[in-house]
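Enquirer: One predicted model, sequence on top.
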Amino acid sequence: MTDRTAIDTIKGYFYQFDYAISELLELDLDTDTIIIEGIEDVDVSTATDELAIQCKYYAKTEYNHSVIAKPIRLMLDHYKEVTNGNKKRINYKLYGYFQSGQAKLTLPIDTIFLKDYFLTYIENKVKHCHHTKHNLSDAELNDFLSLLTIDISALEYQLQVSKIITLLMKQFNCQAFEAEHFFYNNALKVIKDIAVEGDIAKRKISKLEFLSKINFKRVLFNEWFITYKGESKLFAELRSQYFTGLNISPYERLFIIEIPNTNYLRAEIKDLILTISKKWSKLSTREPQPFCPYIYLHNILPQELLELKKELFSEGFQFIDGFDFDGSDFNPKSILKPANSNNSIKIKILNKFEHIDLTVKEITKTKEIYQFYNTTPFFDIKYQNVKQVEIQFSLLTDIKKII
């Protein structure tokens, strides 16, 4: 598979996932459900209707009857099982986007058109009549058509995404950034995880369950969302949303960062500390309220933290950690010591997890907490009137690209 073909295939999956998300958001009742990869790509079940939807994205393809003929024949296979009493009677829908050629199909179609253009085909130089194979009468084919909806003027890929963002903004009463980076990001992960389940029962989800699964404000490093958005663009948007401003306010900012168990170098951590300090400190004599950030490195080994501090100290980088003397207990009042041009304190290091809460409760100024986690959020204490941002990352070096 060429790179371009791979991209087109991935986009086709995205389109189906997005369509499933759209269908879920537009269900009338919380108890209504969909199944991913059931009878068709998306099966919708409500109190009054059962609908199996074949969803296709042909961005570079001109519409021809043959393109949708096989999906319609597969739907007719299911309908035959219905007439035999083996399957439940349902409605069918073919939903597809094409680059052009939609005018070739005039709707609605009749049984003659159905047989001539969708059910009759040549394979290995042999003519096949799908309706004859199933021994279906014209009356039965007409009944099948009464259950079938064909829509070849589906929304273009980005327009469908825009529709979803609008639906999410309405659902969660939020702005576009939150709708896209939180709820749509979450939704993609939920649908992707369901789609790969082997048990069809696990590929079924109600509107209520779906909304509860996506209703949290946390930026996930979801590979599907990264593929959709693009890593560089995502990092730029996060930076613009949270870490860019002409005038940085003199707030008390805490950066709490999970250190991965593997795949990191001490130099990366040190570089990250220096970057955070440089961007989020103001110690100039001209600064009316000088300030510097706090940092906590989650899961770092005590000896590794000690060696890191030694290196920073040996390089003349000034920091405090809330310990007044050797053998003393952590003193949150001590770590609140104001940074300024005289003492040149460039960062405040929190050694232990429990020091975060002690420090936050001691701070009386405006506070912001930025949690960067590698796997699962590790700091779940919520404070009133404190801005708290949770961002998942893959590599430590990703954080520098965001802040």
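Expert: All right, it came through fine.
Enquirer: contacting residues around residue 95?
Expert: 19, 53-56, 151, 154 (C-beta atoms under 8 Å, 6 or more residues apart in numbering). In this view, the C-beta of every residue, glycine as well, is placed from N, C-alpha and C.
Enquirer: Would you double-check that it falls in a strand?
Expert: Yes: under DSSP: H, G, I helix; E, B strand; the rest coil, residue 95 falls within a strand.
Enquirer: For it, report the pLDDT, please.
Expert: Note on residue 95: pLDDT of 96.
Enquirer: Check the one 4 residues further on too.
Expert: Residue 99 carries a pLDDT score of 94 in this model.
Enquirer: ok, which stretches of the chain are strands?
Expert: Along the chain, counting by DSSP state E, strands occupy 33-36, 42-45, 50-62, 91-100, 120-123, 126-129, 148-151, 204-206, 252-258, 294-298, 319-320, 347-350, 367-373, 387-392.
Enquirer: nearest to residue 72, of those?
Expert: Each of the strands of the chain has some distance to residue 72 by C-beta to C-beta; the shortest is strand 91-100, at 6.4 Å.
Enquirer: What residues sit buried inside that closest one?
Expert: Across strand 91-100, burial judged by 16 or more other C-beta atoms under 10 Å covers 92-98.
Enquirer: Could you do stretch 249-259 as well?
Expert: In stretch 249-259, counting by 16+ other C-beta under 10 Å, buried: 251-259.
Enquirer: Give me the spatial nearest neighbour of residue 97, chain neighbours excluded.
Expert: residue 154 (4.2 Å; C-beta to C-beta, 6 or more residues apart in numbering).
Enquirer: got a list of what that neighbour touches?
Expert: Residue 154 neighbours (C-beta under 8 Å, 6+ apart): 55, 57, 95-97, 160.
Enquirer: Widest-spaced pair of the residues you listed?
Expert: Maximum distance among the contacts of residue 154 (C-beta to C-beta): 12.2 Å, for 96 and 160.
Enquirer: Let me see the domain layout of the chain.
Expert: Per automatic domain parsing, the domain ranges recorded for the chain read 3-214, 230-402.
Enquirer: in the stretch 1-150 of the chain, which spans are helices?
Expert: 3-26, 65-83, 111-113, 130-133, 138-147 (DSSP state H, counting those that start in this stretch).
Enquirer: repeat for the stretch 151-300 of the chain
Expert: 157-172, 176-178, 185-195, 207-214, 223-229, 231-242, 266-280.
Enquirer: Please apply the same query to the stretch 301-403 of the chain.
Expert: Counting by DSSP H, counting those that start in this stretch, the helices of the stretch 301-403 of the chain are 302-314, 332-335, 354-362, 396-402.
Enquirer: Using TSV, lay out those helices together with mean neighbour count, distance to residue 377 and mean pLDDT.
Expert: Output for these, formatted as TSV (neighbours: other C-beta atoms under 10 Å; distance: least, C-beta to C-beta, whole Å; pLDDT from 0 to 100):
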stretch	mean neighbour count	distance to residue 377	mean pLDDT
helix 302-314	13	21	95
helix 332-335	16	23	96
helix 354-362	16	13	97
helix 396-402	17	15	92
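Enquirer: Figure out which of the ones you listed is closest to residue 287.
Expert: That would be, of the helices of the stretch 301-403 of the chain and by C-beta to C-beta, helix 332-335, which comes in at 20.0 Å.
Enquirer: Identify the residues contacting the closest one?
Expert: 294, 320-324, 348, 350, 355, 358-359, 361-362.
Enquirer: at 10 Å what do you get?
Expert: 294, 320-324, 328, 345, 348-351, 355, 357-363 (C-beta atoms under 10 Å, 6 or more residues apart in numbering).
Enquirer: Just list the residues touching the closest residue to residue 178 other than its chain neighbours, thanks.
Expert: Distances taken as C-beta to C-beta, 6+ apart place residue 217 nearest to residue 178, at 6.5 Å, with adjacent residues excluded. Contact analysis of residue 217 by C-beta under 10 Å, 6+ apart lists 172, 174, 178, 181-183, 186, 388-390.
Enquirer: Highest neighbour count among those residues?
Expert: residue 183 (25 neighbours; other C-beta atoms under 10 Å).
Enquirer: just to revisit the earlier point, shared neighbours of residue 96 and residue 160, anything?
Expert: 15, 57, 154.
Enquirer: follow-up on the earlier one: can I get the helices of the stretch 1-150 of the chain in TSV with mean neighbour count?
Expert: Below are the helices of the stretch 1-150 of the chain laid out as TSV (neighbours: other C-beta atoms under 10 Å):
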stretch	mean neighbour count
helix 3-26	18
helix 65-83	17
helix 111-113	15
helix 130-133	16
helix 138-147	16
